[in-house]
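A.B. asks: quick one: sequence plus predicted model below, questions after.
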Amino acid sequence: MESDSAIPPDLSLFFWVLLGLWLLTAASRWVLFRRIGQPAWAAVVPVYNYVVLLKIVERPAWMLVPLVAALPLGLMLLGIALADRFGKPLWFGLVLGLLPCAGTPLLVLSGEPGQF
């Protein structure tokens, strides 16, 4: 039996996987921001969440421009700074920068509530 859907099944699966990864990252950042004392709702606002991350690692907000201009390098540097802020090693910062859907939950789960 054929499906009347205009979206191919492979594309639909890809969408649901990406949505799940985004929800995992957003929920982890929600907890992280709340523990640090930042507004938790900022975790789901697309650009503002990086402004809050820059504030957490004590970098000026204008650093968002080079972060976006050289996205992979900027995300790696932001991940390394965030890992350094919480006393994590360099490799953890690279995971945070390159795979935020894996690194952010690990950061939230690895720290005690009083550590943040």
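C.D. replies: That came through fine.

A.B. asks: so residue 86 versus residue 36, what's the distance?
C.D. replies: As judged by CB to CB, to the nearest Å, residue 86 and residue 36 stand 10 Å apart. Placement of C-beta: from N, CA and C, glycine included.

A.B. asks: more neighbours: these two, which one.
C.D. replies: Between residue 86 and residue 36, residue 86 has the larger neighbour count (other CB atoms under 10 Å), namely 18 against 14.

A.B. asks: ok, the more buried one touching residue 104?
C.D. replies: No: using CB atoms under 8 Å, residue 86 is not in contact with residue 104; the gap is 11.4 Å.

A.B. asks: can you pull the buried residues of the helix or strand harbouring residue 23?
C.D. replies: Using DSSP states H and E, residue 23 maps to helix 9-36. For helix 9-36, burial by neighbour count (16 or more other CB atoms under 10 Å) applies to 25, 28-35.

A.B. asks: out of these, which comes closest to residue 93?
C.D. replies: Residue 93 lies nearest to residue 32 out of the buried residues of helix 9-36, by CB to CB, at 14.6 Å.
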